[in-house]
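Student: Show me how the following folds:
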Amino acid sequence: MAVSWAARRLLDRYAVDPTTVTWQWESMAVDVVLRYGSRSDAEALLPVFLDDPGAREQLIPVFARHGDAGVAERLLEASVRAGRLRDGVPAGVLHAVGCLGCESAERMLWEHVEGGYDESVSACLGLAHLPCRDLRAEIAEALERHVGSHLFPEFLPVLATKTGDPTWLKRLVEWGEGAASTDCNGGLILGIALHGDAGRAAFTRLLWNPRWEAYGGGTGSDRWAYVGARALSLGTAELYKDLVARLTSGTGADDPWHCIRTFASLLRHRVERRWLGLRMVADRDESSEALCSLLFDWSTPHEDDSLIGLAGRVLDRDDPLITTLYHLEELLRSEVGHELELRTIASR
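Tutor: Take a look at the predicted model:
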C-alpha cells in the first residue's frame, strides 16, 4: 500500500524545512494519518522518529495504530537499553510496543509501572494489550499495596483484570468512591470499564455520580470515561437516552449540572474523534447526521426539546455550559457537512 498524502507531507517538511513543522501543524497531519493511514505510513515515518525521538514524539500513535510486530521490534531495539528506556526517548514508546502485541516486552514494561507519571501511564496502557500471565501475581501484589490510597500509580487499576480475580471490580468501585483523588481516577474509570459486561452497571453509575467527576478535562477523567464507554459499546445515543431519563424522572435532579457537563464532555470526545489509544476498543461508527438530529433538532416547531432545550430548563439561563452545548452543535453540524462532502467526492 502506498504512503498516504498526509504522511508524505510530513516526510517532505521534516526533510526540506523542519522549521515549518509547528506543533499545531504536525498534530493535525498526524491526526489525519491516524484516521486514514496504513502500515506503509508507520514504516515510512519510523526512521524519521528514530533519528530524533524527542522531537518527533507526536508520531508515536501512528506506530501504535498502524504498525506491526516488525515496527515494535525496531522501536525496542532503538529505544531500550538494559531494560529501561534510553534517555531522550518519549515514554509513549512503551504504550506503542504493548499496542503492537510485543509479549517479549512485558517484563520491561512492568519495570516502568512505578516510575515517573508518563512512564507509568504508558507502561500500563501497553500492558493492557498483553496477556501478562507471568506478571499476574506481581500485579495483584501492587494493587494490594496501593488499594485505598489517595494517590497511586494512576493507571495501575487498568491491569486489575490481568489478575484473574473478579473481586477487583467491586474493590475498584469502592476505591474510587472512597479515598481516591479525582485527580488520579482515570485508571480506575477505565479499569472498571475493562471488566466488560460485569462492569457495565458500575461504570454507568459512576458517569452520573458527582463523586467521580467524570467530566474532568484537566485530570483526563473525561477522556478515559469516553474510552470506557467505547470499551463497553455505550454509544452517544444510548448515553443521551440515559441522560434524558435521569433529568426528566428526577434521578439526576440533585445535580443536573454534573450530568449535563459529563454528557457534554463525552460528546466533545465523540465530535473530535481522536484515536482512543486502545486497539481492543473500536471507535463506534455513529452517524453524525443521525446524532445531530437526535441531539439538536426540535421534534416540533413549538418547543425546544433538544439537548439545549433540556439544559435550559434545568440550568440557569446564563450558565456557560449552555454556550458549550451551542459550540458542540456547531462542531457536529460542521462534521455532517464534511461527511456529505466526502460521500460526494467518493461517488464521482
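Student: Nearest residue to A105 in space, please, no chain neighbours.
Tutor: In space, and not counting its chain neighbours, A105 is closest to V97: 4.8 Å by Cβ to Cβ, 6 or more residues apart in numbering. Glycine gets a C-beta too; all of them are placed from N, C-alpha and C.
Student: The one you found touches H112, doesn't it?
Tutor: No: judged on Cβ atoms under 8 Å, V97 makes no contact with H112 at a distance of 11.1 Å.
Student: out of those two, which sits in the busier spot?
Tutor: Each of V97 and H112 has its neighbours counted (other Cβ atoms under 10 Å); V97 has more, 32 against 22.
Student: dump the residue contacts of the more buried one.
Tutor: A72, L75, L76, A105, L109, G126 (Cβ atoms under 8 Å, 6 or more residues apart in numbering).
Student: Buried subset of those residues, written for PyMOL?
Tutor: Restricted to buried positions by 16 or more other Cβ atoms under 10 Å, the PyMOL selection for the contacts of V97 reads:
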select buried, resi 72+75+76+105+109+126
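Student: Just put the contacts of V97 in TSV and tack on secondary structure, distance to I345 and pLDDT.
Tutor: Formatted as TSV, the contacts of V97 follow (DSSP: H, G, I helix; E, B strand; the rest coil; distance: Cβ to Cβ, whole Å; pLDDT from 0 to 100):
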residue	secondary structure	distance to I345	pLDDT
A72	helix	35	96
L75	helix	35	95
L76	helix	40	94
A105	helix	41	96
L109	helix	42	97
G126	helix	37	97
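Student: Out of the contacts of V97, the closest to A137 would be?
Tutor: Taking Cβ to Cβ as the measure, A137 lies nearest L109 of the contacts of V97, at 16.2 Å.
Student: So for the closest one, what's the nearest residue that isn't a sequence neighbour?
Tutor: In space, L109 is closest to A123, 4.5 Å off (Cβ to Cβ, 6+ apart).
Student: Look up how far A214 lies from that neighbour.
Tutor: 24 Å (Cβ to Cβ, to the nearest Å).
Student: Show the pLDDT at the residue lying closest to W208 once chain neighbours are set aside.
Tutor: Nearest residue to W208, sequence neighbours excluded (Cβ to Cβ, 6+ apart): C259, at 5.4 Å. Note on C259: pLDDT of 94.
Student: go on, P18?
Tutor: Value for P18, per-residue pLDDT: 85.
Student: That one: how many residues sit nearby?
Tutor: Neighbour number of P18 under other Cβ under 10 Å is 10.
Student: cool, C124 as well?
Tutor: 27.
Student: same thing with V16?
Tutor: With other Cβ under 10 Å as criterion, V16 counts 8.
Student: In contact with T236, which residues?
Tutor: L266, L267, R270, E286, L291, L295.
Student: Top of those by number of neighbours, please.
Tutor: For these, the largest number of neighbours (other Cβ under 10 Å) sits with L266, at 25 neighbours.
Student: Relative to I260, how far out is that one?
Tutor: In terms of Cβ to Cβ, L266 sits 11 Å off from I260.
Student: Make sure the residue nearest to L109 is indeed in a helix.
Tutor: Yes: counting by DSSP: H, G, I helix; E, B strand; the rest coil, A123 falls inside a helix.
Student: Tell me the confidence at it?
Tutor: Predicted confidence (pLDDT) for A123: 97.
Student: Next up, phi/psi of V147, please.
Tutor: In terms of degrees, to the nearest 10, the main-chain angles of V147 are phi -60, psi 130.
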